[in-house]
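J.: after the sequence you'll find the predicted model.
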12 protein chains.
Amino acid sequence: MPRILVIHGPNLNLLGKREPEIYGKISLSQINKALKEMAKDRGVEIDIVQSNHEGEIVELIGRAEKKFSGIVINPAGYTHTSVAIRDAIEAVKIPTVEVHLSNIYAREDFRHRSLIAPVVDGQVTGFGFYSYLLGLEAVLYLIKEK
Amino acid sequence: MPRILVIHGPNLNLLGKREPEIYGKISLSQINKALKEMAKDRGVEIDIVQSNHEGEIVELIGRAEKKFSGIVINPAGYTHTSVAIRDAIEAVKIPTVEVHLSNIYAREDFRHRSLIAPVVDGQVTGFGFYSYLLGLEAVLYLIKEK
Amino acid sequence: MPRILVIHGPNLNLLGKREPEIYGKISLSQINKALKEMAKDRGVEIDIVQSNHEGEIVELIGRAEKKFSGIVINPAGYTHTSVAIRDAIEAVKIPTVEVHLSNIYAREDFRHRSLIAPVVDGQVTGFGFYSYLLGLEAVLYLIKEK
Amino acid sequence: MPRILVIHGPNLNLLGKREPEIYGKISLSQINKALKEMAKDRGVEIDIVQSNHEGEIVELIGRAEKKFSGIVINPAGYTHTSVAIRDAIEAVKIPTVEVHLSNIYAREDFRHRSLIAPVVDGQVTGFGFYSYLLGLEAVLYLIKEK
Amino acid sequence: MPRILVIHGPNLNLLGKREPEIYGKISLSQINKALKEMAKDRGVEIDIVQSNHEGEIVELIGRAEKKFSGIVINPAGYTHTSVAIRDAIEAVKIPTVEVHLSNIYAREDFRHRSLIAPVVDGQVTGFGFYSYLLGLEAVLYLIKEK
Amino acid sequence: MPRILVIHGPNLNLLGKREPEIYGKISLSQINKALKEMAKDRGVEIDIVQSNHEGEIVELIGRAEKKFSGIVINPAGYTHTSVAIRDAIEAVKIPTVEVHLSNIYAREDFRHRSLIAPVVDGQVTGFGFYSYLLGLEAVLYLIKEK
Amino acid sequence: MPRILVIHGPNLNLLGKREPEIYGKISLSQINKALKEMAKDRGVEIDIVQSNHEGEIVELIGRAEKKFSGIVINPAGYTHTSVAIRDAIEAVKIPTVEVHLSNIYAREDFRHRSLIAPVVDGQVTGFGFYSYLLGLEAVLYLIKEK
Amino acid sequence: MPRILVIHGPNLNLLGKREPEIYGKISLSQINKALKEMAKDRGVEIDIVQSNHEGEIVELIGRAEKKFSGIVINPAGYTHTSVAIRDAIEAVKIPTVEVHLSNIYAREDFRHRSLIAPVVDGQVTGFGFYSYLLGLEAVLYLIKEK
Amino acid sequence: MPRILVIHGPNLNLLGKREPEIYGKISLSQINKALKEMAKDRGVEIDIVQSNHEGEIVELIGRAEKKFSGIVINPAGYTHTSVAIRDAIEAVKIPTVEVHLSNIYAREDFRHRSLIAPVVDGQVTGFGFYSYLLGLEAVLYLIKEK
Amino acid sequence: MPRILVIHGPNLNLLGKREPEIYGKISLSQINKALKEMAKDRGVEIDIVQSNHEGEIVELIGRAEKKFSGIVINPAGYTHTSVAIRDAIEAVKIPTVEVHLSNIYAREDFRHRSLIAPVVDGQVTGFGFYSYLLGLEAVLYLIKEK
Amino acid sequence: MPRILVIHGPNLNLLGKREPEIYGKISLSQINKALKEMAKDRGVEIDIVQSNHEGEIVELIGRAEKKFSGIVINPAGYTHTSVAIRDAIEAVKIPTVEVHLSNIYAREDFRHRSLIAPVVDGQVTGFGFYSYLLGLEAVLYLIKEK
Amino acid sequence: MPRILVIHGPNLNLLGKREPEIYGKISLSQINKALKEMAKDRGVEIDIVQSNHEGEIVELIGRAEKKFSGIVINPAGYTHTSVAIRDAIEAVKIPTVEVHLSNIYAREDFRHRSLIAPVVDGQVTGFGFYSYLLGLEAVLYLIKEK
């Protein structure tokens, strides 16, 4: 039975309150609930962590290989600035999917370049909380295909 | 009953033969078959077109608003060069999802910038033919949410 | 009696419906009517074509020298991406005027650079459908001055 | 009865003598005569000023709102360097048209970017002295449409 | 009675010892003392935190909305690299002022661009420890004006 | 008794009327009144000049050293284009503070780079008319510290 | 007996009339005649197509693998803008040579970068119509060597 | 007796498992053992820390001046993104050497620029785990020379 | 008998006081005296003007053709920002030499590019006040050679 | 009887041993033999020189005009860095062809720009040693056409 | 018994006299003496050459493979400009180490990019003459490991 | 009695024959004659060398300090590419003047940036052979002033 790690990056704890016109009105716990339900449906285990700390996210990924079959990560603000998270993902050999709530390509210039994108398997961006569910779908597909 | 337009851009007719290490070994007709099955499952109609002509794709999109509830498009080589397709998508007010077989952010520099991405609702990239299925899923979600 | 070729580029068939806050509410047939009336007034013949195909526009221009005294062109989305249309205009030795409905210099960065502008005689931009009438005026002036 | 302000920027007093292969052989007083005749024809008042001083042009524009219905400006050398003139135009709420004698997009690289263009209503460029007449036509159209 | 959060970013604990020719000889505790005295004078409460951790600063800001009326932040080294802190400030709807001891625009090129500046209300830079006092003044003004 | 020179750059005479959503509704004479009152309070003399002319501002600064103890300058549109004003400030050895009404770092790209900033002592930006009062405060501090 | 496909890109139908100082005075039919004679000499079959349509050229190349042993292509205006043609060439596994009449490296900046060059076997540029003959020579050599 | 601080940056705990074709097969504990032996040989004390946290590394360096005579640091992923670590090194007045396992100049573009390099005394890069031993050698030389 | 116009640009009236380590200790009147003596020696007339106003310099040059045989200009701060002065020099058909006191290529980046240099006959830079004397020498040579 | 100079640039003496996967297994003497045979066939004289010295190549070209009718040059490493060789070719008025063994446009970025290309008549690139034979063919054509 | 080639690039003959604040006071012969002593200690042969000629350095490297087991090179001024030396090193299959006296990353921008670095095994920079000794150490390690 | 070294860079031996519309019709020996006469007039010794070899020029400069009081150098094609010559000039502590026959700022883009300019005392450019005479004048002035 596969086990998936879902990582929410910095500021995602503020979801629902933070700029709802960009990020939607759904709170993080609602997203987590939806993810857990879907995981149950598909018969997979799921671990969900939110962290504002780059180093913590690096460590979560570094330890993931032993315990998880795949990762769904929304690196949020670290998407554009963290070589350390990129290196961690590259070091770990399990399927990894990057997700974003908003369409990062329709926002400020500095958000158009993801340092993470070149090292993940694929990216889902722009569908609000539904990006996470598609991301989970995608990682399960990748695990099955391997 | 929603009706979805799926557009395959230039060279996708060569799929399966063309650089299988990048694009996979599945042919276009196999992708189309999978899309039609999924459409049937979800109770939606689906129209699938492949075109190598920028102008033809512009016209397909321009006429889409009347007949379709949503678009799934893989603009392929036109992703990085077509302002005309971008303008067509912007002009049409129906949910549109951009999909890519390969992870365009892990390839040549000029493939990192999509002229299309800023005007679609969201993007799914890097999961081989499965990007299309996730894209169809996404556009159905967007239609339902509207 | 001079004969003028007016070329409407990609997506201009959608005019009136497409983003009216940028392009105005006037439809293409209304613009064409105004152009024909003005042509009649000035005693010139006028041919009007709309095309979404880069290659077709290249051919229209390539054949123009024999039949027309001047060209008014709104290259729309091809303004920023078509070296082929630029080469066609450069090859043809008749007065050519580039027009735009919207002020392209007040929009997205990639719209600030016209590949066409350096090879036409002049450019009229930002006056909605009235840009076409000024463009026709301009091309008639250029023909007279030659 | 509308009243139009026409501003000739730096070095335009040298017209006719200065690089006639670029700017034509017509002198500034001949342009002014043509503008006045056209203004008379259209039943509008016209004020024409030439200035080599950025600050003076800023002041002419700053005071224009009370006395004029529209502005036609050829910012000449200040086109590419004056944020102050740009700010003045942005501050003043009357229709403003930028004109250029030569096709600035067919000249040196630094002339391709107008700091003024994004804040005027529209631009006419490349038709020699006739750019002014088209510019006057354009500003009258804008006043009427408002 | 308003309550203000003052955040000192990374390395500011070294103040006084670290490059005194750039940052001055005053220690962080002396700055804090001056801030507290001024706060007392103005009848406001003040909380002061120094942190070298990007994630910790993100969290301080994320929790600030409930407890504070305004923020004065010197993001120090994170000024130029932290999208996460920028996102936190953007998410929080209280007046925020960015301060710098040195004139960052007179130093190395990479210090000229603040990722934080576009999302704060205003910036005070270059007056040594006095930047903090002016920053506090500024945030009190912003709170009063709201 | 110190004497301060306050310089308002181009277009600031239009304040209150010009784009109030960016610059606020307060007129220049109201700002000047507030500055004079504050000067009186602090027991300093103050001279206030508004000029739209780059050369005039250069001369004001060039002559300042003999008569003034400090300068508060809002270079407005010349902020981004005037090496001459920069050189004047660099030549004059008295404390100088740059102020801006709006947060220039939250506006168009070309406003993010101040040619003036690297040669002043410090900068206050984004607090509306209150930027001037903080700027005056700052320059008095710098004079005292010298 | 090898069979070669020669593709002439956009505007090459105008050859001889179009800017003879750059492209020479020889017409396309004269080039074709020379190519056919040389093909006959070498005992190879040759198919020659001119197209102004990007999509058509994409299709010609996409179908080439089955019928041809090699391709000689002058992509003309599409050299600098077509990712779709590049992708088609990359997909097809037969020797391909890019030719240009003029020395593209001695012309405008945007002509210095060929999107096609990195995916062909080699390039011959600058020898007028003789570039085609050398290109044919080159492709025959590549076929023989394979 | 000099005491040296060795800092291993993010992801170095994964050494040996992570991309051995780039970083080699030696684990971090093997490197540490070699460093300790060499330190013993040279009669110096050595402290070795691995951290994935930027803030923690900032603090290690900030406190180093009192306890250590020199620093050997492999900033790993933070090499290219951390102004905070750069500022910490600049603040501390003891000899510091930057080391890298792989040749960062032979890898992705974003790894060619070290924000750390301009503030350390010197850099050793590309010799696998032996870079650390040379780095220790170098820092001992610098301490002796001081 | 030739007559030469010498133009000193903005801030040069401050010479001797302004940053003597860059511009030297000689005052403008001393330079003028040396120029007049040299002019007398060579039997030429000389007119010397200092102006801080871009527009004034534009006018001085615009009127020069009738009265002068050559121009020696130190555009100072306008060197890098004035298209208007460049256009004036281009319009005037008499020999013109650009001089600089300091070596502009050894200073800040923005001083490395002279907008004036491409339109003058030649440039003398870096020899302090002696640049003017060499510039006068040069312009006399150019006049003689014409 | 025409006489051709063939110049082999730096490192070409290592041919056959140096990176055979890029440059092929043929040695320089084998290439020279093929060139001499072809020259004999065509009834032309041929001089072949290999040099690793930029200055020597400059001199070979500088002296070529008197003795040779044309030049075939593979500038190798100097292709991208030598303005001196470019100037020498520009100074000499005989037909010159640039050849490269590998497809320089398919290699590292810095190899995409040839400083030599804009001043030669044409370029042949990517056909291994056969590039030289095509280059010789091309130069003979150019000589005949002159 | 391994034999090492040490190459000193241009201007290194001036060592000790040339800018001692950057390059130190030690002369080249002192460095050579230290290298020879160390070589003797380690039981290796050493050849040391200084050359100001790019072509000569290319040849030294080109011939090295037969006679030497490794190279230590300080390319000095050619570090940033020589593709020819880079190609020579790439062609030769023996361990090569790049060394620099000064920290090139703390100097002018153009010194930050080494064309040589991507093709050597590793780089030692910033330790004055000691960089050479560490470089020798490094190359011996590489030879042993091979 | 001062002794001056004049260095003519690559291709200057071709002077008079090479592109006379850019470099003039005067030969190198005529320039040398003029320089010698002027030297005689001023009572200085002069040594003149022409070299096409970067390394040779490096050595000429490296040895100059002992024998010469000043250098006049036209680095020609090495102006834009030689860090080695730049380093040599920087190492040598005698007055050095850079001269150019043509106005390098009015030519191709890559000629606008001199690597040499930031390290010489001053530059004279654009006066044909007269640039050398002014350069000699300038270096004598610098020697006298020292």
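T.: Great, that's in hand. Numbers count the residues shown, from 1 in each chain, chains lettered A, B, ... in the order given.

J.: show me what contacts the closest residue to chain K within chain A?
T.: For chain A, the residue closest to chain K is residue A:83, as judged by CB to the nearest CB, at 17.6 Å. Where you see a C-beta, it was placed from the backbone N, CA and C, and this is true even at glycine. By CB atoms under 8 Å, 6 or more residues apart in numbering or on different chains, residue A:83 lies in contact with A:115, H:77-81, H:110-111.

J.: look up how far residue H:104 lies from it.
T.: Distance, residue A:83 to residue H:104, using CB to CB, to the nearest Å: 11 Å.

J.: hang on, the earlier thing: which residue sits closest to the residue of chain A closest to chain K, ignoring its sequence neighbours?
T.: Closest residue to residue A:83 apart from its sequence neighbours, by CB to CB, 6 or more residues apart in numbering or on different chains: residue H:77 at 4.0 Å.

J.: from what I see, that neighbour and residue A:84 are in contact.
T.: Yes - with contact defined as CB atoms under 8 Å, residue H:77 reaches residue A:84; the gap is 3.3 Å.

J.: which non-adjacent residue is nearest residue A:13?
T.: Distances taken as CB to CB, 6+ apart place residue A:50 nearest to residue A:13, at 5.3 Å, with adjacent residues excluded.

J.: and that neighbour, backbone torsions?
T.: phi -110, psi 130 (degrees, to the nearest 10).

J.: likewise for residue A:92?
T.: Dihedral angles (degrees, to the nearest 10) for residue A:92: phi -90, psi 130.

J.: what's the neighbour count on it?
T.: Other residues lying near residue A:92 total 22 when counted by other CB atoms under 10 Å in any protein chain shown.

J.: what values do phi and psi take at residue A:98?
T.: phi -100, psi 130.

J.: so what pairs up with it in the strands?
T.: Using DSSP bridges, the beta-bridge partners of residue A:98 come out as residue A:73, residue A:123.

J.: and for stretch A:27-41, what are the contacting residues?
T.: So stretch A:27-41 is in contact with A:4, A:6, A:8, A:12-13, A:15-16, A:45-46, A:48, A:50, A:129, A:132-133, A:136, going by CB under 8 Å, 6+ apart.

J.: buried ones among those residues?
T.: A:4, A:6, A:8, A:12-13, A:15, A:46, A:48, A:50, A:129, A:132-133, A:136 (16 or more other CB atoms under 10 Å in any protein chain shown).

J.: can you pick out the ones from the residues you listed that are in strands?
T.: Secondary structure from DSSP state E places A:4, A:6, A:8, A:46, A:48, A:50 of these in strands.

J.: now tabulate those residues in TSV and tack on pLDDT.
T.: Listed next are those as TSV, based on pLDDT from 0 to 100:
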residue	pLDDT
A:4	98
A:6	98
A:8	98
A:46	98
A:48	98
A:50	98
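
J.: what residue in chain A comes nearest to chain F?
T.: Closest point on chain A to chain F, by CB to the nearest CB, is residue A:109, at 9.0 Å.

J.: run a quick neighbour tally on that residue.
T.: By other CB under 10 Å, neighbour count at residue A:109 equals 8.

J.: circling back to that earlier point, mind pulling up the pLDDT for the residue nearest to residue A:83?
T.: Residue-level confidence at residue H:77 comes out at 97, pLDDT.

J.: what sits against it?
T.: Contacts of residue H:77 (CB under 8 Å, 6+ apart): A:58, A:82-87, H:9-11.

J.: for chain A, which segments count as helices?
T.: A:20-23, A:28-42, A:54-62, A:64-67, A:83-91, A:130-145 (DSSP state H).

J.: CSV for those helices, including mean pLDDT?
T.: CSV is the format used below for the helices of chain A (pLDDT from 0 to 100):
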stretch, mean pLDDT
helix A:20-23, 76
helix A:28-42, 97
helix A:54-62, 97
helix A:64-67, 92
helix A:83-91, 96
helix A:130-145, 97
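
J.: between the ones you listed, which gets nearest to residue I:21?
T.: Among the helices of chain A, helix A:83-91 comes nearest to residue I:21, with 41.7 Å by CB to CB.

J.: what's the distance between the residue in chain A that chain C sits nearest to and residue F:112?
T.: Residue nearest to chain C within chain A (CB to the nearest CB): residue A:109, separated by 9.0 Å. The gap separating residue A:109 from residue F:112 is 12 Å, by CB to CB.

J.: for the residue most central in space within chain A, which residues are in contact?
T.: Nearest to the geometric centre of chain A sits residue A:73, at 1.8 Å (CA atoms, centre = their mean). Contacts for residue A:73 (CB under 8 Å, 6+ apart) come out as A:6-7, A:9, A:57, A:61, A:89, A:96-99, A:116, A:120.
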